[in-house]
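Visitor: no sequence on this one, just coordinates:
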């Protein structure tokens with residue numbers, strides 16, 4: 001996940017601070033639940049990517065089952081935390097650095113994520129059965145991969161924080177409500193008008209993991225909750241923490257239930273008018289039916305990624321996950337080996353996301369369910385130790401986190417010199 005800026009920005013202001021020629025330097029402490037949630041999200045994403053490749057044919061249907069019900073742990077959490085990172089970065093540095101320096105740092109990081117996502121993430125699209133094959137190379141390189149959308153969310157978040165929370169809420173509601181009919185209009189009219197074809201290509205893309213519409217609406221909403229979280233962290237009082245926990249929990253339950261109720265209808269995955277708008281349905285349907293027990297002929301609408309219902313369902317789930325983690329880790333101060341492990345994975349989430357593909361195709365279709373967990377634990381441990389030694393003895397040079405830190409230092413030396 002995501003982004004080193006979250007872990008440095010998810011710290012609380014201490015009472016003592018010192019000033020260096022007008023630049024306020026603050027001593028801060030960490031909010032552990034943010035890194036914990038990042039670790040949870042990245043582990044699920046790695047598990048999903050590896051299991052679909054390593055499961056033997058008679059067990060690969062388990063990937064489809066788990067992926068369908070736990071998809072809320074992946075892209076929605078990453079995008080939510082991506083918007084939080086920009087809020088933290090702007091609010092934390094607004095009295096320390098000039099506006100143009102803050103803007104340049106965010107834009108530079110955004111470009112990094114966009115480039116890595118386009119040339120690395122989308123280069124793997126040939127192995128994904130949900131990818132649209134009608135686009136030739138190099139048009140096929142474009143796609144809303146998770147990293148691409150994180151980069152885009154950096155750009156959008158920087159500018160939308162200048163709007164009031166109410167305006168952001170209204171814009172988000174309009175986007176999420178209008179996305180399905182607008183994308184349907186562009187898709188079915190793409191062969192009638194070149195302009196519609198271009199818009200459909202940009203908005204949906206050949207690799208629509210998280211499409212521009214409606215996911216841009218999530219950026220607006222998560223920026224609102226990000227400000228609430230940041231304000232509570234800055235306050236640091238028990239009352240502020242309790243208010244934050246209550247708000248996240250209440251809104252989380254409301255959005256989760258609304259998403260489930262509004263999308264409880266069953267959709268036939270073979271509906272020829274539905275599939276083009278939500279190509280992930282092919283992904284679910286193919287793997288869910290790689291078994292002889294029961295034929296899956298319909299799916300609840302709220303479980304299908306990018307539908308109107310799924311957007312509210314996933315956002316509610318994200319709020320509840322953060323609220324639960326915040327309660328146990330930052331209010332109750334719980335700590336154990338499992339928590340520390342997920343926090344560590346959260347700290348190296350971006351490197352882990354990129355590097356886990358390196359050995360993914362060594363064991364294609366080889367492991368049954370009773371052997372896969374042991375292999376998966378070993379693989380995660382190997383990646384963790386590899387990145388640990390890389391960071392410890394090579395200074396993390398070349399890792400995404402290292403690149404983000406270096407870009408974050410742009411302009412700092414000039415400010416101090418002045």
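Guide: Arrived safely. From a predicted model like this one, the values you see are computed outputs, not experimental measurements. Numbers count the residues shown, from 1 in each chain.
Visitor: where in the chain is pLDDT low?
Guide: For the chain, applying pLDDT under 70 flags the ranges 1-30, 121-134, 137, 269-273, 407-418.
Visitor: and the gap between the residue positioned nearest the centre of it and residue 138?
Guide: Nearest to the geometric centre of the chain sits residue 78, at 1.6 Å (C-alpha atoms, centre = their mean). Using C-beta to C-beta, to the nearest Å, residue 78 is found at 26 Å from residue 138. (C-beta placed from N, C-alpha, C; glycine too.)
Visitor: Likewise for residue 313?
Guide: Using C-beta to C-beta, residue 313 is found at 35 Å from residue 138.
Visitor: what do you get for residue 399?
Guide: Where residue 138 is concerned, residue 399 sits at a distance of 27 Å (C-beta to C-beta).
Visitor: Tell me which of these two has more neighbours.
Guide: Comparing residue 399 with residue 138 by other C-beta atoms under 10 Å, the one with more neighbours is residue 399, at 21 against 7.
Visitor: pretty sure the more buried one is in contact with residue 387, am I right?
Guide: Yes. Residue 399 sits in contact with residue 387 when judged by C-beta atoms under 8 Å, with a separation of 7.4 Å.
Visitor: Need the overlap of contacts for these two.
Guide: Common neighbours of residue 399 and residue 387, using C-beta atoms under 8 Å, 6 or more residues apart in numbering, are 348, 351.
Visitor: The stretch 151-300 of the chain: strands as residue ranges?
Guide: Assigned by DSSP state E, counting those that start in this stretch, the strands in the stretch 151-300 of the chain fall at 266-267, 299-300.
Visitor: So what are the sheet partners of the first one and their directions?
Guide: It stands for strand 266-267. Strands that pair with strand 266-267, judged by DSSP bridges, come out as strand 299-300 (antiparallel).
Visitor: helices or strands next to the helix or strand that comes right after the partner strand in the packing?
Guide: Reading on from strand 299-300 to the C-terminus, the next helix or strand found by DSSP states H and E is helix 308-326. The helices and strands touching helix 308-326, judged by 3 or more C-beta pairs under 8 Å, 6 or more residues apart in numbering; DSSP states H and E, are helix 32-54, helix 75-93, helix 165-188, helix 212-235, helix 238-262.
Visitor: Just name the most buried of the ones you listed.
Guide: Counting by mean count of other C-beta atoms under 10 Å, helix 75-93 has the highest mean neighbour count of these, with a mean of 25.
Visitor: That helix versus helix 308-326: what angle between them?
Guide: Computed by axes from the mean of the first three to the mean of the last three C-alpha atoms, to 10 degrees, the angle separating helix 75-93 from helix 308-326 equals 60 degrees.
Visitor: How far does helix 75-93 sit from its chain's centre?
Guide: Computed by C-alpha atoms, centre = their mean, to the nearest Å, the chain-centroid distance of helix 75-93 equals 10 Å.
Visitor: So which bits of the following helix or strand past that helix are buried?
Guide: Counting by DSSP H and E, the element after helix 75-93 in chain order, helix or strand, is helix 99-116. In terms of neighbour count (16 or more other C-beta atoms under 10 Å), helix 99-116 has its buried residues at 101-102, 105-106, 108-110, 112-114, 116.
Visitor: what's the angle from helix 99-116 to helix 75-93?
Guide: Put simply, helix 99-116 runs at 160 degrees to helix 75-93, going by the same axes, to 10 degrees.
Visitor: Remind me what helix 99-116 packs against, helices and strands.
Guide: If contacts are counted by 3+ C-beta pairs under 8 Å, 6+ apart, helix 99-116 sits against helix 75-93, helix 146-160, helix 400-408.
Visitor: Identify, from the buried residues of helix 99-116, the entry nearest to residue 50.
Guide: residue 116 (19.9 Å; C-beta to C-beta).
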